[in-house]
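Q: Need the 3D shape of this:
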Amino acid sequence: GTSYNDVDSEQGYLLYPSALNLEPDFFVHTGDILYYDGYGKSLALARWHWDRLYSFPNHIDFHRQVPSYFIKDDHDTWMNDCYPGMQTKFMGAFTYAQGTALFLEQVPMGHKTYRTFQWGKDLQIWLMEGRDFRSPNPMPDGPDKTIWGVEQMAWFKETVSSSTATFKVIISPTPIVGPDRGKKNDNHANIGFYHEGHQIREFLAGQKNTVVVCGDRHWQYISKDRETGLLEFSCGPGADDHAGGWKQENVLPEHLFLNVVGGFLEGSTTNDGEEVLLTYRHYSPQGQMLHEFTVNAQP
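A: Modelled structure (predicted):
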């Protein structure tokens, strides 16, 4: 998440020059790129949100040099925990349909917001759409309740199953494993979407060398699902002022790493001809490495 109100320097978010120093091959923004909720109450104001956030020198310099993929979540679609058909007066003249169209206008994108790309022999990424096809959050859970929708789910299973990449990384705007806060009801780690979440976790656990990276949660973590063993890496919030929502001392059995701070997540693959490794590193906004975790590819 990169809220304008939590920008941590006069030049923009510090994570961008810190990440640029690592010379990344590509960048993925996992959603909540900006927050319409406070001021984006018309289409003109929503566009202004994009203009002001991407006028910072740090942001301009980074994106001039690094190929980038963007995923949207609730705040950069419309408002907190939103879904198609949701009714509210809170967003004024700005509508859900305008928000989905504006995202396609503002970021580089093909015809569909769910996509997959293979980077060489050892890495393929999936960028998931979590807003356009979802059922209403208050709907009772069951086989018909969905976040991804029928078409995206079929595409997802087919492309993951047929992938030839050594490592498969599912990048989701919201958690699939968690753990998440008990009062939340907006993602696959919550009880309200348990049926589809369990189906996804079981499917991914049956695929070799497959992990999840997620956004949305305002704390960095690595977790391992207690039922399936599926690993999830949360990139956390973009700045320390954006961190919160979880207590640092609340380390649960699922947690392999937990840090309620801002920063970013870096992933890399290495192949020496004998073993292939996928390594994830959590960083502070200033570029200090906070934690490192490596996954060895299984033959």
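
Q: Can you tell me what sits against stretch 261-271?
A: Contacts with stretch 261-271, where a contact means Cβ atoms under 8 Å, 6 or more residues apart in numbering, come from 6, 8, 15, 18-19, 22, 24, 120-123, 166-167, 169, 213, 219-220, 233-243, 276-285, 290. Where you see a C-beta, it was placed from the backbone N, CA and C, and this is true even at glycine.

Q: now with 7 Å?
A: Contact partners of stretch 261-271, identified using Cβ atoms under 7 Å, 6 or more residues apart in numbering, comprise 15, 19, 22, 122-123, 167, 213, 220, 233, 235-240, 242-243, 276-285, 290.

Q: now swap in stretch 60-79 and tell me
A: Stretch 60-79 is contacted by residues 16, 19-20, 24, 26-37, 54, 80-82, 90-91, 96, 99-100, 103, 107, 113, 127, 130-131, 171, 173-174, 215-216 when judged by Cβ under 7 Å, 6+ apart.

Q: Filter these down to the ones in helices?
A: Members of the contacts of stretch 60-79 lying in helices (criterion: DSSP state H): 16, 19, 20, 96, 99, 100, 103.

Q: Can you tell me how far the last one is from residue 49?
A: As defined by Cβ to Cβ, to the nearest Å, residue 103 lies at a distance of 12 Å from residue 49.

Q: repeat for the fifth one
A: With the distance defined as Cβ to Cβ, residue 99 ends up 11 Å from residue 49.

Q: where do the contact lists of those two overlap?
A: Applying Cβ under 7 Å, 6+ apart, one finds that residue 99 and residue 49 are jointly contacted by residue 36.

Q: quick revisit: which of the ones in helices among the contacts of stretch 60-79 count as buried?
A: Using 16 or more other Cβ atoms under 10 Å as the burial test, the ones in helices among the contacts of stretch 60-79 include 16, 19, 20, 96, 99, 100, 103 as buried.

Q: of all the residues you listed, which comes closest to residue 296?
A: The shortest distance between residue 296 and any of these, using Cβ to Cβ, involves residue 19 and amounts to 25.3 Å.

Q: so the nearest residue to residue 227 once chain neighbours are set aside, which of the three states?
A: Once its chain neighbours are removed from consideration, residue 227 has its nearest residue in residue 201; the separation is 7.0 Å (Cβ to Cβ, 6 or more residues apart in numbering). Per DSSP: H, G, I helix; E, B strand; the rest coil, the local secondary structure of residue 201 is helix.

Q: quick one: contacts for residue 201?
A: Applying Cβ under 7 Å, 6+ apart, we find residue 201 in contact with 176, 177, 225, 228, 230.

Q: Please tabulate those residues in TSV, including the columns secondary structure, neighbour count and distance to residue 62.
A: Converted to TSV, the contacts of residue 201 look like this (DSSP: H, G, I helix; E, B strand; the rest coil; neighbours: other Cβ atoms under 10 Å; distance: Cβ to Cβ, whole Å):
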residue	secondary structure	neighbour count	distance to residue 62
176	coil	24	28
177	coil	29	29
225	coil	22	33
228	coil	16	36
230	coil	23	31
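
Q: And the furthest pair within the residues you listed?
A: Between any two of the contacts of residue 201, the greatest separation by Cβ to Cβ is 10.4 Å, found for 176 and 228.

Q: Name the spans of the stretch 1-150 of the chain whose pLDDT lies under the cut-off.
A: For the stretch 1-150 of the chain, no stretch is flagged by pLDDT under 70.

Q: where along it do the strands fall?
A: 27-29, 68-70, 115-119, 123-127 (DSSP state E, counting those that start in this stretch).

Q: helices or strands next to the first one in the packing?
A: The reference is to strand 27-29. strand 68-70 (3 or more Cβ pairs under 7 Å, 6 or more residues apart in numbering; DSSP states H and E).

Q: Strand partners (parallel or antiparallel) of the strand it packs on?
A: Strand 68-70 pairs in its sheet with strand 27-29 (parallel), by DSSP bridges.

Q: Name the nearest residue to residue 196, sequence neighbours excluded.
A: On the basis of Cβ to Cβ, 6+ apart, the spatially nearest residue to residue 196 that is not a chain neighbour turns out to be residue 146, at 5.5 Å.

Q: if we can go back for a sec, and the two most separated of the buried ones among the ones in helices among the contacts of stretch 60-79?
A: Largest separation among those by Cβ to Cβ: 20 and 96, giving 34.4 Å.

Q: Tell me the buried residues in stretch 198-208?
A: 200, 201, 203, 204.

Q: oh, I was asking about stretch 226-240
A: Judged by neighbour count (16+ other Cβ under 10 Å), stretch 226-240 contains these buried residues: 228, 230, 231, 232, 233, 234, 235, 236, 237, 238, 239, 240.
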